[in-house]
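Peer 1: With the sequence up front, the predicted model follows.
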Amino acid sequence: MVTARLSSDERPDEVHELLILNTWFERMRGLLATSPNASPVMLTRCRSIHTFGMGYPIDVAFVGELGEVIEVRRALAPGVFASNRDACCVVERPAQEGSWLEEGEHLWVVAICASSAGT
């Protein structure tokens, strides 16, 4: 499992920690079959998502190839398809109040941690 920490030029003191979903199966599953307390995830090489089968709404941010947040959708309901043709990855989390990624932010990876299976 790989986790990453992201920061932005606009809010350098705020760090978002998330799980990286890189394989086709991981991306297809996303937050499906998780609880509203699940950790945020980043779906790499992805420009569209679905919330079919979800038990709760999610916050979604489409991110471009240079790390720019190009679209944000808050509290996306179950049973919806969303896409952005300019995105290269998507960040998701269970919907919640408070600070979240914002359109126009420029994200940077500040740390990556890979753990081996069984650890």
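Peer 2: Okay, I see it.
Peer 1: just the helices in this structure please.
Peer 2: Under the criterion DSSP state H, helices of the chain are mapped to 24-29.
Peer 1: Give me the helices and strands touching the least confident helix or strand in it by mean pLDDT, please.
Peer 2: Least confident helix or strand, the chain: helix 24-29 with a mean of 90, by mean pLDDT, DSSP states H and E. Packed against helix 24-29 by the contact rule (3 or more C-beta pairs under 8 Å, 6 or more residues apart in numbering; DSSP states H and E) you find strand 41-44. The C-beta positions use only the backbone N, C-alpha and C, and glycine is treated the same way.
Peer 1: burial count for the residue lying closest to residue 5 once chain neighbours are set aside?
Peer 2: Nearest residue to residue 5 in three dimensions, chain neighbours excluded: residue 111, at 4.2 Å (C-beta to C-beta, 6 or more residues apart in numbering). Residue 111 has 11 neighbours, counted by other C-beta atoms under 10 Å.
Peer 1: Could I get the contacting residues of residue 71?
Peer 2: By C-beta atoms under 8 Å, 6 or more residues apart in numbering, the residues touching residue 71 are 61, 62, 84, 87, 103.
Peer 1: Just the buried ones from these?
Peer 2: 61, 62, 84, 87 (16 or more other C-beta atoms under 10 Å).
Peer 1: Which ones among the residues you listed lie within strands?
Peer 2: With DSSP state E as the criterion, strands contain 61, 62 from among those.
Peer 1: can I get the buried ones among the contacts of residue 71 in a markdown table with distance to residue 41?
Peer 2: Formatted as a markdown table, the buried ones among the contacts of residue 71 follow (distance: C-beta to C-beta, whole Å):
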| residue | distance to residue 41 |
| --- | --- |
| 61 | 11 |
| 62 | 14 |
| 84 | 17 |
| 87 | 15 |
